[in-house]
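> predicted model, plus sequence, below.
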Amino acid sequence: QVQLVESGGGLVQAGGSLRLSCAASLRTFGSWSMGWFRQAPGKERQFVAAISYIGVATDYAHSVQGRFTISRDNAKRTLYLQMNSLTLEDTAVYYCAATASSSRLQLRSGYNFWGQGTQVTVSS
């Protein structure tokens, strides 16, 4: 059974930083493209960032471009999201997801596996 387990969420002041991690049980982790999504209360789950299976290509939502960095360590089967200059609008549950696709990584429907999420709360 595939498991994706997020960690690193918490409460942070506006302007601060957090680093999220996602540990994957996928034996062929290096063959999967990975993404981060987030869902704020009352809103749909939205794309945040994605990284190709070999980590060469990345993509970001406009709202996080320049503040967030997605990366992966295939040897450790772990995905990361470094979040800097956090704002109140970044408050959400953050999910990692895995897809066998190498394109259209912003599409939520293309992901095969999802984690349970980790809460990020930014306070003023």
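Received it, and whenever you're ready, just let me know what you need.
> where does the protein dip in pLDDT?
Within the chain, the set of residues satisfying pLDDT under 70 is empty.
> nearest the middle, which residue of it would you pick?
Trp36 (2.2 Å; Cα atoms, centre = their mean).
> quick one: contacts for that one?
Contact analysis of Trp36 by Cβ atoms under 8 Å, 6 or more residues apart in numbering lists Leu20, Cys22, Val48, Ala49, Ala50, Ile70, Leu79, Leu81, Tyr94, Tyr95, Cys96, Ala97. (Glycine included, C-beta is placed from N, CA and C.)
> if we use 6 Å, what do you get?
The contact partners of Trp36, by Cβ atoms under 6 Å, 6 or more residues apart in numbering, come to Val48, Ala49, Leu81, Cys96.
> among those residues, who's most crowded?
Cys96 (29 neighbours; other Cβ atoms under 10 Å).
> isn't that one right up against Ala24?
No: with contacts counted by Cβ atoms under 6 Å, Cys96 stays clear of Ala24, the gap being 7.9 Å.
> what touches both of these two?
The overlap between the contact sets of Cys96 and Ala24 (Cβ under 6 Å, 6+ apart) consists of Leu4.
> all strands of this protein, in order?
Per DSSP state E, the chain carries strands over the ranges 4-7, 10-13, 18-24, 33-39, 46-51, 58-60, 68-73, 78-83, 92-99, 113-114, 118-123.
> in TSV, list these along with distance to Gln106.
Output for these, formatted as TSV (distance: least, Cβ to Cβ, whole Å):
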stretch	distance to Gln106
strand 4-7	18
strand 10-13	26
strand 18-24	18
strand 33-39	8
strand 46-51	4
strand 58-60	6
strand 68-73	13
strand 78-83	15
strand 92-99	11
strand 113-114	15
strand 118-123	20
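> so which of those is nearest Leu105?
Nearest to Leu105 among the strands of the chain is strand 46-51 (3.6 Å), distances taken as Cβ to Cβ.
> excluding its backbone neighbours, what's nearest Gly30?
Spatially, and ignoring its direct neighbours in sequence, Gly30 is nearest to Asn74 (4.0 Å; Cβ to Cβ, 6 or more residues apart in numbering).
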